[in-house]
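1. Sequence first, then the predicted structure:
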Amino acid sequence: MQAFIVRRILAVIPTLIFTSVIVFASIRMIPGDVIDLMLAQNDISTGNERALIEASLGLDKPIYVQYFVWAGNLLQGDLGRSLWQNTPVTEQLAATLPITFELGFLALIVALSVAIPIGIYSAMRQDTAGDYVARSFSLLMLAVPSFWLGTLVMVFPSVWWRWSPPLQYTPFLEDPFGNLAHMMVPAILLGLSLSAVTMRMTRTMMLEVLRQDYIRTARAKGLAEHVVVLRHALRNCLIPVVTLIGLQAPLLIGGAVILEQIFVVPGMGLLLLEAVFQRDYPVVTGVFLVVGVAILAINLLVDLTYGFLDPKVRH
Amino acid sequence: MSDVTASLTATLSGSLAPARHPVVAFHRRLFREKPLGAIGGILFAVFLFCGLFADFLAPFGLNETDMLRRLQSPSWSHWFGTDHLGRDVLSRILFGAQLSVIVGFLAAGLATVISIVLGVVTGYFGGAIDMTIQRFVDAWMTFPDLVLLIVVISIVGPGVPQIVIILGCLYGIAGSRIIRGSVIGIRENMYVHAAQSTGASTPHILIFHILPNVMPVVIVLFTTRVGAVILAEAGLSFLGLGVPPPAPTWGSMLSGTGRTYMYLGPWLALAPGLCLTVVVYAINIYGDALRDLLDPRMRGR
């Protein structure tokens, strides 16, 4: 197991390096007017100052030196300062990351509690009307844009019943119920869109497992059907479903960006969008980097869990 | 068993029947074996038709305002109602379809070309180039599509050419994995070894032996990418980072200033999202059916 862990961690390193190169390249692609913006903000505009700022940003050095300086700062937790609020980017990220994490976690709970029961049902009633409806629903969820569902939830209850989802964010520690009431609607929408793929996967795995010899044996020795399904089949079919959580992490974060914007959840997605519109590039690239690293970390964790659950994977 | 017999007789009668264009023959088979996929194909064709002929189909102009007819609910003269500036929603939906067709096909086309080049090169040659490129693809696929798009658009600015290029690169790099996988499978076939041993040049092998055999995968990839691109473009437009206004896109019709008027005219919230869902759903089930018929090995993935 130890060798497996070391091997997995070593395998992530090249990807991590490429990830940092992509983020660094995005920083270098930023148009030159950022310096003009900074000059305008600080009310200085002489040629001398410009050279000074370029030097302070390290723009006068060769590009590979710039990369190493940037990566060095990164390892010390320095992502630069926001151009607008002049606070360290790390501070803003630390404030918003837990909120997005909470949204993602709630959405995952919704997704699994919708997808797994329906997936099992669909597999047990293969090729019946119920299976057909479940599969169509999952295909449909892949096509419905979350921003449209979000819009519908905002508009129609308000028009019909004069009810609209709460949009006031309260920290969980201050008012847990107020916080959950606000997060629930975006979490359900995000969870529904994630459930589509998980449902298909659960169904496929369940169908495969139900055809195994040990299931036939379990049935032959007279076990009740629910024991066969829940204790013998489900346990074995859930292992690959765990890996899906890792594969869906990008979908989850992408969806969170849109839903945070609609439901005014002050998470990382909203931070990213606000920074984009204010052309606050240090914040944009900071979020970009954190998202990439977070997804790599989630995938690594999922891989390790998978190795822990299924001894075959370790080799 | 009956399935096998049916498809066997179908193939036999297909080969015995008078020569027909293969695309026509293929779609006959699609209708017979995958009725749901065929419905998807028909809806996809209707969408293409609307997009291509929006200029002739739209009853009103693209940005023709009529302040006396603001926020009218759906009626015979305005099927989908009018918006807060008195513009006909149906006409804007049709012009939005046009934009989606343009962006969808250009970006999916670019993505397919990138996928083929990257996938064939890495899959056929393998080795160090493959290893390096694959680690880059890993890193690239780490980022959520939408976050990557937002960051790049924030740097290069919104606009149709930028969006086509970015979406093309985004899905092209991700899709190269699929092409690479099938090239690796084809590379080990006897006919490729035979070609190599008769001294055929590498470009010759790539073009005449590898490429024709990945075509089924390419066709499916292209079709499903059109749907993905349309959805991604709509998401960007919704966030105000897509095709700039006043161009009517399905995403931007659901956002911006129009959003505040939805409470007075709820039909404004329906048409664009419904069209998006139906089109993407249709493309997905059509793509699934194509995959099942063209490449049975990919079934269920």
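-> Received it, and whenever you're ready, just let me know what you need.

2. okay, CA-based contacts and neighbour counts for the rest of this
-> Will do.

3. any idea how far A:Ala256 is from A:Val264?
-> Distance, A:Ala256 to A:Val264, by C-alpha to C-alpha, to the nearest Å: 11 Å.

4. Name the residues of stretch A:233-243 that are buried.
-> Applying a neighbour-count criterion of 16 or more other C-alpha atoms under 10 Å in any protein chain shown, the buried positions in stretch A:233-243 are A:Ala233, A:Leu234, A:Asn236, A:Cys237, A:Leu238, A:Ile239, A:Val241, A:Val242, A:Thr243.

5. how about that stretch against chain B, any contact?
-> No - shown here: stretch A:233-243 not in contact with chain B (C-alpha under 8 Å from any C-alpha of the partner chain), separated by at least 13.6 Å.

6. could you give the mean pLDDT of that stretch?
-> For stretch A:233-243, mean pLDDT rounds to 77.

7. circling back to that earlier point, mark which of the buried residues of stretch A:233-243 are part of strands, please.
-> Of the positions in these, not one sits in strands, assigned by DSSP state E.

8. hmm, back to that, which one of A:Ala256 and A:Val264 is surrounded by more residues?
-> Here A:Ala256 and A:Val264 are compared on neighbour count by other C-alpha atoms under 10 Å in any protein chain shown; more neighbours surround A:Ala256, at 28 against 17.

9. Which neighbouring elements make contact with the helix or strand harbouring that one?
-> For A:Ala256, the enclosing helix or strand under DSSP states H and E is helix A:235-262. When contacts are defined as 3 or more C-alpha pairs under 8 Å, 6 or more residues apart in numbering or on different chains; DSSP states H and E, helix A:235-262 packs onto helix A:89-124, helix A:146-161, helix A:176-210, helix A:268-277, helix A:281-309, helix B:145-156.

10. Excluding its own residues, what touches whatever helix or strand comes next after the first one? List them.
-> Remark: after helix A:89-124, the chain's next helix or strand is helix A:129-143, criterion DSSP H and E. The contact list for helix A:129-143 (C-alpha atoms under 8 Å, 6 or more residues apart in numbering or on different chains) reads A:118-119, A:121-123, A:125, A:192-193, A:195-197, A:199-200, B:276-278, B:280-281, B:284-285.

11. Quick check: closest non-adjacent residue to the residue in the stretch 101-250 of chain A that chain B sits nearest to.
-> Closest residue of the stretch 101-250 of chain A to chain B, C-alpha to the nearest C-alpha: A:Pro250 (4.3 Å). Distances taken as C-alpha to C-alpha, 6 or more residues apart in numbering or on different chains put B:Pro144 closest to A:Pro250, at 4.3 Å, once the chain neighbours are dropped.

12. residue contacts, that neighbour?
-> By C-alpha under 8 Å, 6+ apart, the neighbours of B:Pro144 are A:Pro250, A:Leu251, A:Ile253, A:Gly254.

13. show me the contacts for the second one.
-> For A:Leu251, the residues meeting the contact criterion (C-alpha under 8 Å, 6+ apart) are A:Leu194, B:Pro144, B:Asp145.

14. Okay, now the unreliable bits of the stretch 1-150 of chain B?
-> Residues of the stretch 1-150 of chain B meeting the criterion pLDDT under 70: B:1-20, B:58, B:60-72, B:76-80, B:84-86.

15. How about the residues of it by chain A?
-> Checking the stretch 1-150 of chain B against chain A by C-alpha under 8 Å from any C-alpha, the hits are B:135-136, B:138-140, B:142-148, B:150.

16. With distance to A:Arg211 added, can I get the buried residues of stretch A:233-243 in CSV?
-> Formatted as CSV, those follow (distance: C-alpha to C-alpha, whole Å):
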residue, distance to A:Arg211
A:Ala233, 10
A:Leu234, 13
A:Asn236, 12
A:Cys237, 12
A:Leu238, 16
A:Ile239, 17
A:Val241, 18
A:Val242, 21
A:Thr243, 22
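
17. Which pair of those residues spans the longest distance?
-> The largest separation in the buried residues of stretch A:233-243, counting by C-alpha to C-alpha, is between A:Ala233 and A:Thr243 at 17.5 Å.

18. How many neighbouring residues does A:Ala294 have?
-> Per other C-alpha under 10 Å, the neighbour tally for A:Ala294 reads 16.

19. That one and A:Leu247: what is the separation?
-> 13 Å.

20. Show the contacting residues for the residue positioned nearest the centre of chain A.
-> For chain A, the residue nearest the mean C-alpha position is A:Ile253 (3.0 Å; C-alpha atoms, centre = their mean). Residues in contact with A:Ile253 (C-alpha under 8 Å, 6+ apart) are A:Thr100, A:Gly104, A:Gly269, A:Val291, B:Pro144.

21. For the fourth one, give me its contacts.
-> For A:Val291, the contact set (C-alpha under 8 Å, 6+ apart) comprises A:Ile253, B:Phe143.

22. Report the mean per-residue pLDDT for stretch B:294-301.
-> With pLDDT averaged residue by residue, stretch B:294-301 scores 55.

23. What's the local residue count around B:Leu268?
-> 25.

24. Go through stretch B:178-185 and flag the buried ones.
-> B:Ile178, B:Ile179, B:Arg180, B:Gly181, B:Ser182, B:Val183, B:Ile184.

25. That one vs chain A: in contact?
-> No - for stretch B:178-185 and chain A, the contact criterion (C-alpha under 8 Å from any C-alpha) is not met; the two come no nearer than 15.8 Å.

26. returning to that earlier point: any idea which of the contacts of A:Leu251 is the one closest to B:Phe105?
-> Taking C-alpha to C-alpha as the measure, B:Phe105 sits nearest to B:Asp145 out of these, at 18.3 Å.

27. What number of residues are in the vicinity of the closest one?
-> 20.

28. Neighbour-wise, give me the winner out of the residues of the stretch 1-150 of chain B next to chain A.
-> B:Phe143 (27 neighbours).

29. Excluding chain neighbours, what is closest to A:His182?
-> A:Pro166 (5.3 Å).

30. Report the separation between that neighbour and A:Ala256.
-> Taking C-alpha to C-alpha, one finds A:Pro166 at 17 Å from A:Ala256.

31. Can you pull up the most central residue in chain B?
-> Centre-nearest of chain B using C-alpha atoms, centre = their mean is B:Val226, 0.8 Å out.

32. which residues does that one contact?
-> Contacts of B:Val226 (C-alpha under 8 Å, 6+ apart): B:Gly104, B:Phe105, B:Ala107, B:Ala108, B:Ile283.

33. what element comes up after the strand or helix carrying it heading to the C-terminus?
-> Counting by DSSP H and E, the element that carries B:Val226 is helix B:211-238. As assigned by DSSP H and E, the chain's next helix or strand after helix B:211-238 is helix B:258-261.
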